[in-house]
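Asks: model the structure of this input:
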Amino acid sequence: EKRPSEEAKPTPATAPSDDSGSSIDVMVPTLGESVSEATVSTWFKKVGDTVAQDEMLCELETDKVSVEVPAPSAGVLSEILAEEGSTVSAGGKLGVIGSSAGAAASASAANVPGSDAAKGEQYTTPDAGNGRPNADVEDAPSAKKAMAEAGLSADQVKGSGRDGRIMKDDVAKAVAAAASAPAQTSAPASAPRAPVSADDAAREERVKMTRLRQTIARRLKDAQNTAAILTTYNEVDMTEVMALRNQYKDQFEKKHGVRLGFMSFFTKACCHALKEVPEVNAEIDGTDIVYKNSVHMGVAAGTPQGLVVPVIRDADAMSFAEIEKAIAEKGRRARDGKLSMAEMQGGTFTISNGGVYGSLMSSPILNPPQSGILGMHKIQDRPMVINGEIKIRPMMYLALSYDHRIVDGKGAVTFLVRVKEALEDPRRLLMDL
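Replies: Model (predicted):
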């Protein structure tokens, strides 16, 4: 827990100058639905730098995307309230921009030894130890005794008495807060790390998890703890899809300006199957089942920062070309870290293509609160028995992970069989069979 004196330290550096009335606060922008915190990853400017309006000041890292914060006005960055690595809340203050060079002068004065601002900081810090204006205030005798028994110093207790005097009740509150803090922080923590030798420790590198990686870890573990996840498998002969793609890919790209890939076939096949098995496209809300009347398809995409799932809204109403364009555009924005929060929310079903990395078979994990996710895998030539004869066919394993609380085994198997049938005979998609 930070002492008030530590929280107050930046204050002298931001003391208002003669024209501070025209200074403008740099605020944390709206981060998106259900996102309340972000981490300051990079400051592009330092205190005293001149900035132009809309020039990028810093970059925030939220649970899923990076957010750049532009300067709300031209001026001089006179104060940075949230340093790199610190956590800020939505609507919080990041810094202050002064309208003249005077703001920069007052900001830099705090860092000059012997200046009035620096002296003010050195003077005010001790007295602000626990919020009391006078460090010589005599605490209540009962409070002193309670602090001694609890092993607390006066700096660790906030006084509620006159002039910040510490009372016995204040000590009890501080003890209770200290006791509850470990319980709160230890809940999500993993098991303690096994000890390592000094030689091994010297060759290790410790890097703090990004907020995106922390969120991925938390959400996936929540999915395991909440949903009854089960996976069913099947395999699909990709001969017909590959033949259709090879036949029309040049014409398709020439007309629509985008390559014809396999993802549009799988998206179409899933939308087709979801109409027959709507519970795979539904979600649980308390004791209710919420059935969706549209398919907002999440397409898992790997990025240097981690896995993100942009959503293609109303994929069931899209053509092959519209799906391919949307997937290409979302994938490009995901790799560049330019996806907005809105683009990653509201998905009803997800497709994950591990085959691009060479995966032959895996069990995908649900993307909560969704009830189903389809895992695609590597296409591999295998000997198959076709009409009593052994033939070499391009085969792909399919895996459907589903929430058994809402989807029965029959529904899951039916869904996967419908996807298999649509891909092995794409004409079924045209005929809605």
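Asks: contacts, neighbours, all on C-alpha from now
Replies: Noted.
Asks: partner strands of the host helix or strand of Y402, parallel or antiparallel?
Replies: According to DSSP states H and E, Y402 maps onto strand 389-403. In the sheet containing strand 389-403, its partner strands are strand 229-237 (antiparallel), strand 372-376 (antiparallel), strand 380-386 (antiparallel), by DSSP bridges.
Asks: can I get that strand as PDB, trimmed to CA atoms?
Replies: Extracted in PDB, the C-alpha atoms of strand 389-403 (Å, rounded to 0.1, in the frame of the first residue of the first chain):
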ATOM      1  CA  GLU A 389     -10.800 -49.100 -52.700                       C
ATOM      2  CA  ILE A 390      -7.800 -47.500 -50.900                       C
ATOM      3  CA  LYS A 391      -7.200 -44.000 -52.100                       C
ATOM      4  CA  ILE A 392      -5.000 -41.200 -51.000                       C
ATOM      5  CA  ARG A 393      -7.200 -38.200 -49.800                       C
ATOM      6  CA  PRO A 394      -6.400 -34.800 -48.300                       C
ATOM      7  CA  MET A 395      -7.900 -35.200 -44.800                       C
ATOM      8  CA  MET A 396      -8.300 -32.800 -41.900                       C
ATOM      9  CA  TYR A 397      -9.300 -33.600 -38.300                       C
ATOM     10  CA  LEU A 398     -12.000 -31.400 -36.900                       C
ATOM     11  CA  ALA A 399     -12.600 -30.800 -33.200                       C
ATOM     12  CA  LEU A 400     -15.700 -29.200 -31.600                       C
ATOM     13  CA  SER A 401     -15.300 -28.200 -28.000                       C
ATOM     14  CA  TYR A 402     -18.700 -27.400 -26.400                       C
ATOM     15  CA  ASP A 403     -20.300 -26.600 -23.100                       C
END
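Asks: redo the strands paired with strand 389-403 as TSV? Include mean pLDDT, mean neighbour count and distance to R405.
Replies: Output for the strands paired with strand 389-403, formatted as TSV (pLDDT from 0 to 100; neighbours: other CA atoms under 10 Å; distance: least, CA to CA, whole Å):
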stretch	mean pLDDT	mean neighbour count	distance to R405
strand 229-237	94	18	8
strand 372-376	93	27	11
strand 380-386	92	13	34
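Asks: include distance to L400 when you put these into JSON lines, please.
Replies: Converted to JSON lines, these look like this (distance: least, CA to CA, whole Å):
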{"stretch": "strand 229-237", "distance to L400": "5"}
{"stretch": "strand 372-376", "distance to L400": "5"}
{"stretch": "strand 380-386", "distance to L400": "19"}
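Asks: do you know which of those lies nearest R259?
Replies: With CA to CA as the criterion, R259 lies closest to strand 372-376 of these, at 19.1 Å.
Asks: show residues contacting that closest one.
Replies: Residues lying outside strand 372-376 but in contact with it, judged by CA atoms under 8 Å, 6 or more residues apart in numbering, are 280-281, 349-355, 362-367, 396-403.
Asks: same thing but at 7 Å, please
Replies: Strand 372-376 is contacted from outside by 280-281, 349-355, 364, 366, 397-403, using CA atoms under 7 Å, 6 or more residues apart in numbering.
Asks: so which elements touch the helix or strand hosting V69?
Replies: Element membership of V69, judged by DSSP H and E, is strand 66-70. When contacts are defined as 3 or more CA pairs under 7 Å, 6 or more residues apart in numbering; DSSP states H and E, strand 66-70 packs onto strand 56-61.
Asks: low-confidence ranges, the stretch 51-200 of the chain, go.
Replies: For the stretch 51-200 of the chain, the stretches flagged by pLDDT under 70 are 63-66, 100-138, 141, 145, 148-151, 162-163, 178-191.
Asks: can you pull out the strands in it?
Replies: Applying DSSP state E, counting those that start in this stretch to the stretch 51-200 of the chain gives strands spanning 56-61, 66-70, 75-80, 87-89, 93-98.
Asks: got CSV for those strands, with mean neighbour count and distance to Y248 too?
Replies: Putting the strands of the stretch 51-200 of the chain into CSV (neighbours: other CA atoms under 10 Å; distance: least, CA to CA, whole Å) gives the following:
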stretch, mean neighbour count, distance to Y248
strand 56-61, 20, 42
strand 66-70, 20, 38
strand 75-80, 27, 57
strand 87-89, 18, 51
strand 93-98, 23, 53
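Asks: let's have those strands in JSON lines, adding distance to D49.
Replies: Formatted as JSON lines, the strands of the stretch 51-200 of the chain follow (distance: least, CA to CA, whole Å):
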{"stretch": "strand 56-61", "distance to D49": "10"}
{"stretch": "strand 66-70", "distance to D49": "14"}
{"stretch": "strand 75-80", "distance to D49": "6"}
{"stretch": "strand 87-89", "distance to D49": "22"}
{"stretch": "strand 93-98", "distance to D49": "10"}
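Asks: out of those, which gets nearest to A273?
Replies: strand 66-70 (35.2 Å).
Asks: now do that closest one and strand 93-98, the angle between them.
Replies: In terms of direction (axes from the mean of the first three to the mean of the last three CA atoms, to 10 degrees), strand 66-70 departs from strand 93-98 by 20 degrees.
Asks: hey, C-alpha coordinates of strand 66-70 in CSV?
Replies: In CSV, the C-alpha atoms belonging to strand 66-70 read as follows (Å, rounded to 0.1, in the frame of the first residue of the first chain):
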residue,chain,number,x,y,z
SER,A,66,-3.2,-1.0,-27.4
VAL,A,67,-4.7,2.5,-27.2
GLU,A,68,-2.8,5.6,-28.3
VAL,A,69,-3.6,8.8,-26.4
PRO,A,70,-3.3,12.0,-28.5
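Asks: tell me which strands that strand pairs with, and in which orientation.
Replies: The pairing partners recorded for strand 66-70 under DSSP bridges are strand 56-61 (antiparallel).
Asks: next, the angle strand 75-80 makes with the strand it pairs with.
Replies: Using the same axes, to 10 degrees: strand 56-61 against strand 75-80 is 40 degrees.
Asks: who touches strand 56-61?
Replies: Taking CA under 7 Å, 6+ apart as the rule, strand 56-61 contacts 38-45, 66-71, 211.
Asks: closest to E322 out of those residues?
Replies: Nearest member of the contacts of strand 56-61 to E322, counting by CA to CA, is S66, at 26.8 Å.
Asks: related to what we said a few turns ago, now do the buried residues in the strand holding Y402.
Replies: Residues of strand 389-403 classed as buried by neighbour count (16 or more other CA atoms under 10 Å): R393, P394, M395, M396, Y397, L398, A399, L400, S401, Y402, D403.
Asks: of all the strands of the stretch 51-200 of the chain, which lies closest to A198?
Replies: Nearest to A198, of the strands of the stretch 51-200 of the chain and by CA to CA, is strand 87-89 at 32.1 Å.
Asks: what helices or strands is the closest one leaning on?
Replies: So strand 87-89, by 3+ CA pairs under 7 Å, 6+ apart, packs with strand 37-43.
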